[in-house]
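S.K.: just need the structure, nothing else, for what follows:
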Amino acid sequence: QVQLVESGGGLVQAGGSLRLSCAASGRTFSWFGMGWFRQAPGKEREFVAAISASGDSSYYADSVKGRFTISRENTKNTVYLQMNSLKPDDTAVYYCARRNTGYATDYARDYMYWGQGTQVTVSS
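M.R.: As a prediction, the model looks like this:
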């Protein structure tokens, strides 16, 4: 059974930074694409960023491009989301997710496994 555990969320002022981590169980982490999604109260879950299995390809939502960076350390079974220049609109529960292929996509239904989420709150 695959387990994904997010950490690093919290309360930060606008303009600040946070780094989220997602630790995955299993010995084949390096085979699979990973993604970050978020869901704000009363809104649909939305794509944030994704990275391919090798880390060679990454994709971002327009709303976070230039501010957020996704990366991974396959030796540590961990994917990260570095979030800079945070805005109140970034407030949401952030989820990491794993695909069953090496490619990264921005479509939530392509992801088979999900973490429990970590809360990010950005105050104005």
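S.K.: can you report how many residues lie near Gln39?
M.R.: 14 (other C-beta atoms under 10 Å). The way it works is simple: take the backbone N, C-alpha and C, and place the C-beta from them, glycine included.
S.K.: quick one, what contacts it?
M.R.: Contacts for Gln39 (C-beta atoms under 8 Å, 6 or more residues apart in numbering) come out as Arg45, Glu46, Ala92, Val93, Tyr95, Gly117.
S.K.: export those as JSON lines, with columns for neighbour count and distance to Leu81.
M.R.: Shown next, in JSON lines, are these (neighbours: other C-beta atoms under 10 Å; distance: C-beta to C-beta, whole Å):
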{"residue": "Arg45", "neighbour count": "16", "distance to Leu81": "15"}
{"residue": "Glu46", "neighbour count": "15", "distance to Leu81": "14"}
{"residue": "Ala92", "neighbour count": "22", "distance to Leu81": "12"}
{"residue": "Val93", "neighbour count": "18", "distance to Leu81": "13"}
{"residue": "Tyr95", "neighbour count": "23", "distance to Leu81": "11"}
{"residue": "Gly117", "neighbour count": "18", "distance to Leu81": "13"}
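S.K.: between those, which is nearest Asp106?
M.R.: Glu46 (9.2 Å; C-beta to C-beta).
S.K.: quick check: bridge partners of the closest one?
M.R.: Arg38 (DSSP bridges).
S.K.: got it, and Leu20?
M.R.: The partner residues for Leu20, given DSSP bridges, come to Leu81.
S.K.: which stretches of the chain have low pLDDT?
M.R.: Applying pLDDT under 70 to the chain picks out no residues at all.
S.K.: which phi and psi does the residue positioned nearest the centre of it have?
M.R.: When the chain is reduced to its mean C-alpha position, the nearest residue by C-alpha atoms, centre = their mean turns out to be Trp36, at 2.4 Å. Taking degrees, to the nearest 10, you get phi -120, psi 140 for the backbone angles of Trp36.
S.K.: same question for Gly26.
M.R.: The phi and psi torsions at Gly26 (degrees, to the nearest 10) take the values phi 100, psi 160.
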